[in-house]
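**Q** A predicted structure for the sequence below; I have some questions about it.
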Amino acid sequence: MRQTLIYRGEDGFWVAECPSLPGCISQGRTREEAIQNIREAIDLYIEALEEDHLPVPVESFDAILVAV
């Protein structure tokens, strides 16, 4: 299980990223599409690490909300 951030990009698409996997970012026209795409991106990211016999980073992302 991985935490993800999801937000609207400048182009209106939804952007989804997984902070515990550097560079693991996807997007979609809808929020649901972005979520499905980041699930696939996470699976492929981890699969590539395992194929290359590299360690899979542990989930270490901690989120807080800051009011300004």
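**A** The structure has been received and is ready for your questions. Numbering: from 1, shown residues only.
**Q** Can you pull out the low-pLDDT segments for this protein?
**A** For the chain, no stretch has pLDDT under 70.
**Q** can you pull out the strands in it?
**A** Ranges of strands in the chain, per DSSP state E, are 5-8, 14-17, 25-28.
**Q** can you tell which of the ones you listed is closest to residue 62?
**A** Proximity to residue 62 (CB to CB) singles out strand 5-8 among the strands of the chain, at 12.3 Å. Heads up, the C-betas are built off the backbone N, CA and C, glycines and all.
**Q** Pull up the pairing partners for that closest one, direction included.
**A** strand 14-17 (antiparallel) (DSSP bridges).
**Q** Tell me which residues are up against the partner strand.
**A** 4-9, 24-31, 33-35, 37-38, 41 (CB atoms under 8 Å, 6 or more residues apart in numbering).
**Q** any idea which of the strands of the chain is most buried?
**A** strand 14-17 (a mean of 20; mean count of other CB atoms under 10 Å).
**Q** before we move on, the earlier item: redo the strands of the chain as JSON lines? Include distance to residue 56.
**A** What follows is the strands of the chain, written out as JSON lines (distance: least, CB to CB, whole Å):
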{"stretch": "strand 5-8", "distance to residue 56": "19"}
{"stretch": "strand 14-17", "distance to residue 56": "17"}
{"stretch": "strand 25-28", "distance to residue 56": "17"}
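**Q** Indicate which one of these is closest to residue 57.
**A** Residue 57 lies closest to strand 14-17 among the strands of the chain, at 13.8 Å (CB to CB).
**Q** thinking residue 26 is in contact with residue 33, fair?
**A** No: using CB atoms under 8 Å, residue 26 makes no contact with residue 33, being 9.2 Å away.
**Q** For stretch 26-34, output the C-alpha coordinates as CSV.
**A** Provided in CSV are the C-alpha atoms of stretch 26-34 (Å, rounded to 0.1, in the frame of the first residue of the first chain):
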residue,chain,number,x,y,z
SER,A,26,1.0,9.9,-13.6
GLN,A,27,-2.0,11.8,-14.6
GLY,A,28,-5.5,11.4,-16.1
ARG,A,29,-8.4,13.5,-17.5
THR,A,30,-10.5,12.6,-14.5
ARG,A,31,-9.6,12.0,-10.9
GLU,A,32,-10.6,8.3,-11.2
GLU,A,33,-8.4,7.9,-14.3
ALA,A,34,-5.4,9.5,-12.5
